[in-house]
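J.: Got a sequence here, can you model it:
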Amino acid sequence: MNRSNFIKSSAGLAGFLTIGKSFAATDFFSNRKDNGTAEKDVPLFSLNNGLKMPQLGFGTWTLTDKPDQYVREAIEVGFRLIDTAQGYQNEAGVFKGIKDSGIARKDVFITSKVGPDVMRNRSVKESLDISLEKLGGEYIDLMLIHWPVVDHIQETWNIMEEYVNKGLLKSIGLSNFNPHHIDDLLKYAKIKPVLNQIEIHPTFSNMENTGITLYKDIAVECWSPLASGNDLDNSVLKSIAKKYDRSVAQIILRWDMQRGLISVTRSTNVAHMKEDINIFDFELSPTDMSIINGVNINQRTSAKNDPDNFPW
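T.: Below you'll find the predicted structure:
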C-alpha cells in the first residue's frame, strides 16, 4: 500500500483535524537519540515569548488505539514536539508514550488544545486541570484554543492567561483562527498568542492567513501538511520529488520548513516517521518553492474545516 492510501485508510472523522519568528540554524536538541534517521536534528523555533519549540512535530489526531506506542516510536525516531488535544481523547496515552520512551520531561514539547464543547459548557478550568493531570501533572508547554467558538473566546483566553501566570501553561496560542479572530482577541489579550495552528498543505497553502499572522509576530503551524494523503498523488509534487530523489512527503515538509513555518505530521508507520524527520540535509531551490506555491487550489481537506462555519 502506498503512503497516500495508507494515510487515507487510517484517517477518521475530520471534525477535530488539527490537527513566525525566525529560528537559528545552530539551535538544535542536543540529546536526541540518533539512530541515523536524520542528518541534522530538528531546529528550534523561537516564539514571541522567548521560549523555543521544535519546528517539526508528531501529531496524534485519530491515534486513540495504542497512542503510547506510536508516541514512543516517534520519540525514538527523533521527534521532540508532540501534538495532542482534549478532543483527541488520547492525552493520557500520549504522556504514557513519553514516559515509556525514557526521555526527560523537559526534553519534550507537549501541545494540547481546549475543545469547543468545554468552551460552550463553560468548563474550561476543569478541562485544563484534567489535561494537566493526564499530561504529567506539572505543566503543558503550549495550550491552544482548538477552534474560534463565537462568544466564548475571550472567557477561554482569560482563563488560559491565569494558568500561564500560575506556571501551569508555559505558552498559549490559537488553532484555526482567521485574521479577524486574531484581531478581536488582541484587543483584550494581556498575553499575546505565540502561535496559530492552521490547515496548510500545497493544495491549500493558506497564504493570506499565514502572511498576516506572521506579520503580527505570531508563529504559524501547519496541520494536515500532507492533506490527509491527498497531496501525495499530485503530479507536480511527484516530479519535484523525483528531481531531489526524495518522497513527496519530504518535499512538502521541506517546503513548510523553508517558508518559516512549524509543521506537525502524523503516521503509525515507523518508516514514514523516519522519512518525515529526515528533511534537514537538503534544500529546495527558490524556483521549486515557487512551483509548489503554484500548486494551491484553495481546497481544504473538508469544507467543514472553515473556521467561520464549523459544525462541532
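J.: so where's the stretch 101-250 of the chain shaky on pLDDT?
T.: Regions of the stretch 101-250 of the chain meeting the criterion pLDDT under 70 are absent.
J.: Spell out, range by range, the helices that occur in it.
T.: Ranges of helices within the stretch 101-250 of the chain are 116-120, 124-134, 153-165, 179-186, 207-215, 235-244, 248-258, based on DSSP state H, counting those that start in this stretch.
J.: Any chance of CSV for those helices, columns mean neighbour count?
T.: No exception for glycine: its C-beta is placed from N, CA and C like everyone else's. Converted to CSV, those look like this (neighbours: other CB atoms under 10 Å):
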stretch, mean neighbour count
helix 116-120, 19
helix 124-134, 17
helix 153-165, 17
helix 179-186, 15
helix 207-215, 16
helix 235-244, 15
helix 248-258, 23
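J.: could I get those helices as a markdown table with distance to residue 298?
T.: Compiled in a markdown table, those are given as follows (distance: least, CB to CB, whole Å):
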| stretch | distance to residue 298 |
| --- | --- |
| helix 116-120 | 24 |
| helix 124-134 | 33 |
| helix 153-165 | 25 |
| helix 179-186 | 16 |
| helix 207-215 | 10 |
| helix 235-244 | 16 |
| helix 248-258 | 17 |
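J.: between those helices, which gets nearest to residue 228?
T.: Of all the helices of the stretch 101-250 of the chain, it is helix 248-258 that lies closest to residue 228, at 12.2 Å by CB to CB.
J.: Given the very next helix or strand once past that closest one, what are its sheet partners and their directions?
T.: Later in the chain than helix 248-258, the nearest helix or strand by DSSP states H and E is strand 262-265. If you go by DSSP bridges, strand 262-265 pairs up with strand 56-59 (parallel), strand 219-223 (parallel).
J.: tell me the contacts of residue 296?
T.: Taking CB atoms under 8 Å, 6 or more residues apart in numbering as the criterion, residue 296 is in contact with 202, 203, 204, 205, 207.
J.: Between the helices of the stretch 101-250 of the chain, which one is closest to residue 56.
T.: Nearest of the helices of the stretch 101-250 of the chain (CB to CB): helix 248-258, 6.8 Å.
J.: quick check: angle from that closest one to strand 219-223?
T.: Using axes from the mean of the first three to the mean of the last three CA atoms, to 10 degrees, one finds that helix 248-258 and strand 219-223 are set 170 degrees apart in direction.
J.: Measure how helix 248-258 sits relative to helix 235-244, angle-wise.
T.: If you take the same axes, to 10 degrees, helix 248-258 sits at 90 degrees to helix 235-244.
J.: If you count contacts, what does helix 248-258 end up packed against?
T.: helix 235-244, strand 262-265, helix 270-277, helix 286-293 (3 or more CB pairs under 8 Å, 6 or more residues apart in numbering; DSSP states H and E).
J.: For PyMOL, write the select line for the buried members of the contacts of residue 296.
T.: Restricted to buried positions by 16 or more other CB atoms under 10 Å, the PyMOL selection for those reads:
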select buried, resi 202+203+204+205
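J.: For the contacts of residue 296, give me JSON lines that also has distance to residue 241.
T.: What follows is the contacts of residue 296, written out as JSON lines (distance: CB to CB, whole Å):
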{"residue": "202", "distance to residue 241": "12"}
{"residue": "203", "distance to residue 241": "15"}
{"residue": "204", "distance to residue 241": "19"}
{"residue": "205", "distance to residue 241": "18"}
{"residue": "207", "distance to residue 241": "22"}
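J.: from the contacts of residue 296, which two are the most distant?
T.: 203 and 207 (12.3 Å).
J.: before we move on, back to that, out of the helices of the stretch 101-250 of the chain, which gets nearest to residue 147?
T.: Set against residue 147 and scored by CB to CB, the helices of the stretch 101-250 of the chain come closest in helix 116-120, at 5.0 Å.
J.: thought residue 261 was touching residue 221?
T.: Yes. Counting by CB atoms under 8 Å, residue 261 touches residue 221, with 6.8 Å between them.
J.: For those two, indicate the residue with more neighbours.
T.: A direct count of neighbours by other CB atoms under 10 Å for residue 261 and residue 221 places residue 221 higher, at 32 against 23.
J.: Okay, and the beta partners of the more buried one?
T.: Assigned bridge partners for residue 221, using DSSP bridges, are residue 197, residue 262.
J.: Surely it is in contact with residue 196?
T.: Yes. Here residue 221 reaches residue 196: they are 7.2 Å apart, a contact under CB under 8 Å.
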